[in-house]
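Trainee: below are the sequence and a predicted model; questions follow.
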Number of protein chains: 2
Amino acid sequence: MEGKAKNISFQQFEITKRHRMERNKHRSFVLWVTGLSASGKSSIANEVEKQLYARHIRTAILDGDNLRYGLNNDLGFSMEDRSENVRRTSQAAKLLVDAGLIAIVSLVSPLRSDREKARAIFEQDEFVEVFVDCPLKICEERDPKGLYKKVREGKIPEFTGITSPYEHPENPEIRVISDKQSIIESARQIIAYLDEHHHFSWEE
Amino acid sequence: MEGKAKNISFQQFEITKRHRMERNKHRSFVLWVTGLSASGKSSIANEVEKQLYARHIRTAILDGDNLRYGLNNDLGFSMEDRSENVRRTSQAAKLLVDAGLIAIVSLVSPLRSDREKARAIFEQDEFVEVFVDCPLKICEERDPKGLYKKVREGKIPEFTGITSPYEHPENPEIRVISDKQSIIESARQIIAYLDEHHHFSWEE
């Protein structure tokens, strides 16, 4: 909770996260989807959201690229900026979780330490890490945005998995093998895990 | 939409703001509450949220002080940091609005230009500015956190209304006179305005 500003005081409002869970009839938490570019994170996030919407579960997606048009539009791809990107994204996810929603974060978030810092701002069981595991070779073959091609041509200096590191999660709650499973299968696996672990049940 | 990052592409997800409005049965927008420290912004935000909760309308409060413990904890009170504070808060509000919620922002946001920039990222009718109008003298008498006292003792160098400017809104959608009206009256006035202007109606 330490920050730069002094002379501030935390304001507790009367409508709490618990009120919102009761109203929504489900718990709120963050689903943190990490993986290489083109591993399938956003497609899986989209499919998970669709399936949860069908179940009247309230969600929001925080997509790494989309955030770079808004909240994070002052950040580049240096390791320092990437850390700040992950930090702000985790804080935005926390606002959504406090608002009673399931925040689905789709973000490369290459460093283990940054992801652990993100986890640390949430309560126990509020942070579910999903590793979208796909070999670099396959991601590079897919290359839907032509980014890997540009990297190989030297047109993008900093790119995760090639010129900057990706540290895969050691103990993610969920690991989907996105080159072996379809998008729909991956989404089903994620939701099955959440059901099994009672992540939606708000009554204790 | 211009930012620092290159080689990013905006991802359109299938569940849209419209789906969320239909599900929630109300529109989403931002209620931007601006005013001096101790003018009553947070108390009014809290009361508005309670009254909307009773009507099953989904909200979230973005409180300036609270954000300084999280998303904005790297920012101080220089004019540059305040502008960045307002920018990030507006972007966080946009995420909440996209998620189908009414984002109630309680933030001094002293500069007209910063508030206009915040307004500009929203669609028409999605930004409702509430000016909590209270004479500096009354705010200073109230001084619930003892901040004005510290300022007068020279212990806080930058403080809105005393050592740094507050530019009151020229054409706010709503103006409440918080030294003449109770918190409850102010909240009722705000909600009456929103009802009259069909801010909750999502069917067009």
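Mentor: Perfect, thanks for sending it.

Trainee: mind listing what's buried along the helix or strand A:Ala93 falls within?
Mentor: With elements taken from DSSP states H and E, the one containing A:Ala93 is helix A:79-98. By neighbour count, with 16 or more other C-beta atoms under 10 Å in any protein chain shown as the criterion, the buried positions of helix A:79-98 are A:81-98. C-betas here are computed from N, CA, C, even on glycine.

Trainee: and stretch A:73-86 with chain B, contact?
Mentor: Yes. Among the residues of stretch A:73-86, A:73-77 lie within reach of chain B under C-beta under 8 Å from any C-beta of the partner chain.

Trainee: now the strand ranked longest in chain A, how far from the centre of its chain.
Mentor: In chain A, assigned by DSSP state E, the strand with the most residues is strand A:127-133. Average the C-alpha atoms of strand A:127-133, do the same for its chain, and the two points are 8 Å apart (C-alpha atoms, centre = their mean, to the nearest Å).

Trainee: give me the nearest residue to A:Asn46, chain neighbours excluded.
Mentor: What sits nearest to A:Asn46 in space, not counting adjacent residues and going by C-beta to C-beta, 6 or more residues apart in numbering or on different chains, is B:Phe13, at 5.0 Å.

Trainee: what sits against that neighbour?
Mentor: Listed by C-beta atoms under 8 Å, 6 or more residues apart in numbering or on different chains, the contact set of B:Phe13 reads A:42, A:45-46, A:49, A:61, A:63.

Trainee: let's see if you can find the most crowded of those.
Mentor: Each of these was scored by neighbour count (other C-beta atoms under 10 Å in any protein chain shown); the top score is that of A:Ala45, with 27 neighbours.

Trainee: pretty sure it contacts A:Ile61?
Mentor: Yes. The pair formed by A:Ala45 and A:Ile61 meets the contact definition of C-beta atoms under 8 Å, at 5.2 Å.

Trainee: shared neighbours of those two, anything?
Mentor: Here A:Ala45 and A:Ile61 have A:104, A:106, B:13 as joint contacts, going by C-beta under 8 Å, 6+ apart.

Trainee: what's around the first one, how many residues?
Mentor: Using other C-beta under 10 Å, A:Ile104 has 28 other residues around it.

Trainee: list of residues touching the one helix or strand it maps to?
Mentor: Using DSSP H and E, the element containing A:Ile104 is strand A:102-106. Taking C-beta under 8 Å, 6+ apart as the criterion, the residues outside strand A:102-106 that touch it are A:26, A:28-33, A:41-42, A:44-45, A:48-49, A:52, A:57-64, A:89-90, A:92-94, A:96-97.

Trainee: just the residues you listed that are near chain B?
Mentor: Residues of these in contact with chain B (C-beta under 8 Å from any C-beta): A:42, A:45, A:49, A:58-63, A:92, A:94, A:96.

Trainee: in CSV: these, plus distance to B:Pro169, secondary structure and pLDDT.
Mentor: Formatted as CSV, the entries for those read as follows, by distance: C-beta to C-beta, whole Å; DSSP: H, G, I helix; E, B strand; the rest coil; pLDDT from 0 to 100:
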residue, distance to B:Pro169, secondary structure, pLDDT
A:Ser42, 39, helix, 97
A:Ala45, 38, helix, 98
A:Glu49, 37, helix, 98
A:Arg58, 33, coil, 97
A:Thr59, 34, strand, 98
A:Ala60, 29, strand, 98
A:Ile61, 33, strand, 98
A:Leu62, 31, strand, 98
A:Asp63, 33, strand, 98
A:Ala92, 26, helix, 98
A:Lys94, 30, helix, 98
A:Leu96, 28, helix, 98
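
Trainee: what is the nearest of these to A:Pro172?
Mentor: Nearest to A:Pro172 out of those is A:Ala45 (C-beta to C-beta; 15.1 Å).

Trainee: quick check: the residue nearest to the closest one when sequence neighbours are not counted vs A:Asn46, distance?
Mentor: Closest residue to A:Ala45 in three dimensions, ignoring its sequence neighbours and counting by C-beta to C-beta, 6+ apart: A:Ser106, at 4.2 Å. A:Ser106 sits 9 Å away from A:Asn46 when distances are taken as C-beta to C-beta, to the nearest Å.

Trainee: who touches both of the two?
Mentor: With contacts taken as C-beta under 8 Å, 6+ apart, A:Ser106 and A:Asn46 have A:Ile61 as neighbours in common.

Trainee: return the distance of stretch A:38-48 from the chain's centre.
Mentor: If you compare the mean C-alpha spot of stretch A:38-48 with that of the full chain, they lie 10 Å apart, counting by C-alpha atoms, centre = their mean.

Trainee: is the residue nearest to A:Ala45 in a bridge, and if so with what?
Mentor: Taking DSSP bridges, one obtains A:Val33, A:Asp63 as the residues bridged to A:Ser106.

Trainee: what is the burial count for it?
Mentor: Count around A:Ser106 with other C-beta under 10 Å applied: 30.

Trainee: A:Arg142 now?
Mentor: Around A:Arg142 sit 16 other residues, with neighbours defined as other C-beta under 10 Å.
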